[in-house]
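[1] When you get a sec, could you give me coordinates for this:
(chains A and B)
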Amino acid sequence: MVGASEAAQMERLESQVDNGGGGAWEYLCLVRKLKARRSDKVLKHGLSILNDHRARSKLGAEEWTLYEQVAFAAMDCQQYDVANDCIALLSKQFPRSIRIGRLEGMLLESKGAWAEAEKVYARLLDDSPLDQIIHKRKVAMAKAQGDLSAAVKLLNKYLEIFMADHDAWRELAEIYVSLQMYKQAAFCYEELILSQPTVPPNHLAYAEVLYTLGGLENLQTAKNYYASTIALSGGKNTRALYGICLCSVAIRQLTKGRNKEEKEVSDLQTLAAEALQRDYKQRAPNKLPFLLSMLKNMKLNS
Amino acid sequence: MRVGFMVGILGGILLAHAGYATIQYRGVLKIVEEEFSRPPMNVVVELLLGLAFCIWAALAAPAKFRSIHPDSEENRIVSLPSNLDFMIFNHRGKVFPCNAEYKLKK
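    Next up, the predicted model:
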């Protein structure tokens, strides 16, 4: 979970390191802690530390973590020789380690040698059949080869054993959404909300899947979840504000024929519209006319 | 922060001194054989002063307090960590030109 202040700190450190100021090691630690995927920057600054003999010896035992991080980044940027060198150094230091074996498997994956990677993972699974990350790598391989249904099957089997892994639930939800199986995606998001009820992006994603499914109850539930996203994020989530406006319009269109008595009085939509206008005035005043014309259209269509 | 520490130490000393003065006062009362109802006024004033100093130091000496609201400006969750366990490598980054100068020196 990346908080706002941590994200701002990471941006600041990134610009500082890019412009030549120090602090590369703090930046790399922060990237590792927040699990951000900034492979080009990590590769550049990590290599600058590792190639400098004095800086490397200052790290002490942490240089191996840095080697692993740089190996990941190198694989992401297709610098296979760098990755190979890092892995060779690591395996010399930690022989027969499963973590290094995983790295070797990932290197084969990144080169596209799926069959050999499969063999490496099978060998590692013989030693430790309950290693979560290897199971997840097999799912990732199926996804990378484009076989999304196999990925779904593998992920379902994985989740039967490791039900508490919210990363896997999130991945499964995203795969279902890309396969347009929205009901199953909604189920996955419900699991995520159950396990992490205070994380706004989960509520937002669930609301969006419900809005996509359509139908009156789904739209009303989606409106509730957009509202809870706004509550959890302190009112700063623009997407959720838009979501409330759109849900209100869609509900109004669906209930056009019904009795007027059933309609609840809700200032939620007006409040959301006002909050949007305030936000745009502050952050993007030249786009405010678009927003105002859109809001006017929505009120007229009701 | 230095001021906070000094004020806190001063407050602690005041409280200790007030306690010592009260014990001495009780000793004097035992000699005069009177009841011990409450410590003398100056000791009470010293106690209150010591209390005020200690409270002020407890709030001022530690570093800046962090917000506990999950939806405050610093704490609100802006994005989820990218799912690195499921990272795949055949993305469009492959068509970027290869930067040949990246090398790990031995």
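[2] Residue A:243 contacts residue A:208, doesn't it?
    Yes. Using C-beta atoms under 8 Å as the test, residue A:243 is close enough to residue A:208 to be in contact (7.1 Å). For every residue, glycine as well, the C-beta is placed using N, CA and C.
[3] more crowded one of these two?
    Counted by other C-beta atoms under 10 Å in any protein chain shown, residue A:243 and residue A:208 do not tie: residue A:243 has more neighbours, with 24 against 21.
[4] separation between the most centrally placed residue in chain B and residue B:73?
    Among the residues of chain B, the smallest C-alpha distance to the mean C-alpha position (C-alpha atoms, centre = their mean) belongs to residue B:62, namely 3.3 Å. As for residue B:62, its distance to residue B:73 is 21 Å (criterion: C-beta to C-beta, to the nearest Å).
[5] Overlap in contacts, residue A:243 and residue A:208.
    Jointly contacting residue A:243 and residue A:208 under the rule C-beta atoms under 8 Å, 6 or more residues apart in numbering or on different chains are residue A:222.
[6] Contact partners for residue B:90?
    With contact taken as C-beta under 8 Å, 6+ apart, residue B:90 is in contact with A:112, A:144.
[7] any low-confidence regions in chain A?
    The model of chain A has pLDDT under 70 over residues A:259-265, A:300-302.
[8] The helix or strand containing residue A:25: which residues count as buried?
    Element membership for residue A:25 (DSSP states H and E) is helix A:24-34. Buried residues in helix A:24-34, defined by neighbour count with 16 or more other C-beta atoms under 10 Å in any protein chain shown: A:24-25, A:27-28, A:30-32, A:34.
[9] same deal with stretch A:112-122?
    By neighbour count with 16+ other C-beta under 10 Å, stretch A:112-122 contains the buried residues A:117-118, A:120-121.
[10] near chain B, which of the buried residues of helix A:24-34 show up?
    Cross-checking these against chain B (C-beta under 8 Å from any C-beta of the partner chain) gives residue A:34 as the overlapping residues.
[11] from the buried residues of helix A:24-34, which is closest to residue A:202?
    Taking C-beta to C-beta as the measure, residue A:202 sits nearest to residue A:34 out of the buried residues of helix A:24-34, at 17.6 Å.
[12] quick one, what contacts the closest one?
    The neighbours of residue A:34, taking C-beta under 8 Å, 6+ apart as the test, are A:2, A:6-7, A:10, B:81.
[13] for the chain, what spans make up the strands?
    No chain specified, so I'll use chain A. Per DSSP state E, chain A carries strands over the ranges A:2-3.
[14] The intended chain is chain B.
    With DSSP E, the ranges of strands along chain B come out as B:77-79.
[15] So, low pLDDT: which residues of it?
    Residues of chain B meeting the criterion pLDDT under 70: B:1, B:100, B:106.
[16] got the residues of it near chain A?
    Those residues of chain B that sit near chain A, judged by C-beta under 8 Å from any C-beta, are B:69-90, B:93-94, B:96, B:98-99, B:102-106.
[17] at 10 Å instead, please
    Among all residues of chain B, those adjacent to chain A (criterion: C-beta under 10 Å from any C-beta of the partner chain) are B:66-67, B:69-91, B:93-96, B:98-106.
[18] residue ranges of the helices in chain B, please?
    Shown for chain B, the helices assigned by DSSP state H span residues B:2-32, B:41-60.
[19] can you list the ones you listed in JSON lines and add mean neighbour count?
    Listed next are those as JSON lines, based on neighbours: other C-beta atoms under 10 Å in any protein chain shown:
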{"stretch": "helix B:2-32", "mean neighbour count": "13"}
{"stretch": "helix B:41-60", "mean neighbour count": "15"}
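[20] To residue A:204, which of those helices lies closest?
    Distance to residue A:204, taken as C-beta to C-beta, is lowest for helix B:41-60 among the helices of chain B, at 37.7 Å.
[21] Alpha carbons of the closest one, as PDB, please.
    Below are the C-alpha coordinates for helix B:41-60, written out as PDB (Å, rounded to 0.1, in the frame of the first residue of the first chain):
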ATOM      1  CA  MET B  41       1.100  25.700  49.900                       C
ATOM      2  CA  ASN B  42       4.500  26.200  48.400                       C
ATOM      3  CA  VAL B  43       4.900  22.500  47.900                       C
ATOM      4  CA  VAL B  44       1.500  22.300  46.200                       C
ATOM      5  CA  VAL B  45       2.500  25.100  43.900                       C
ATOM      6  CA  GLU B  46       5.800  23.300  43.200                       C
ATOM      7  CA  LEU B  47       3.900  20.100  42.400                       C
ATOM      8  CA  LEU B  48       1.600  21.800  39.900                       C
ATOM      9  CA  LEU B  49       4.500  23.600  38.300                       C
ATOM     10  CA  GLY B  50       6.400  20.300  38.000                       C
ATOM     11  CA  LEU B  51       3.300  18.600  36.500                       C
ATOM     12  CA  ALA B  52       2.900  21.400  33.900                       C
ATOM     13  CA  PHE B  53       6.600  21.200  32.900                       C
ATOM     14  CA  CYS B  54       6.500  17.400  32.500                       C
ATOM     15  CA  ILE B  55       3.300  17.500  30.400                       C
ATOM     16  CA  TRP B  56       4.800  20.200  28.200                       C
ATOM     17  CA  ALA B  57       8.000  18.300  27.800                       C
ATOM     18  CA  ALA B  58       6.200  15.000  27.000                       C
ATOM     19  CA  LEU B  59       4.400  16.700  24.100                       C
ATOM     20  CA  ALA B  60       7.300  18.800  22.800                       C
END
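[22] Quick check: phi and psi at whatever residue of the stretch 201-302 of chain A ends up closest to chain B.
    When distances are taken as C-beta to the nearest C-beta, the stretch 201-302 of chain A reaches nearest to chain B at residue A:234, 3.6 Å away. Backbone dihedrals for residue A:234, given as degrees, to the nearest 10, come out at phi 70, psi 30.
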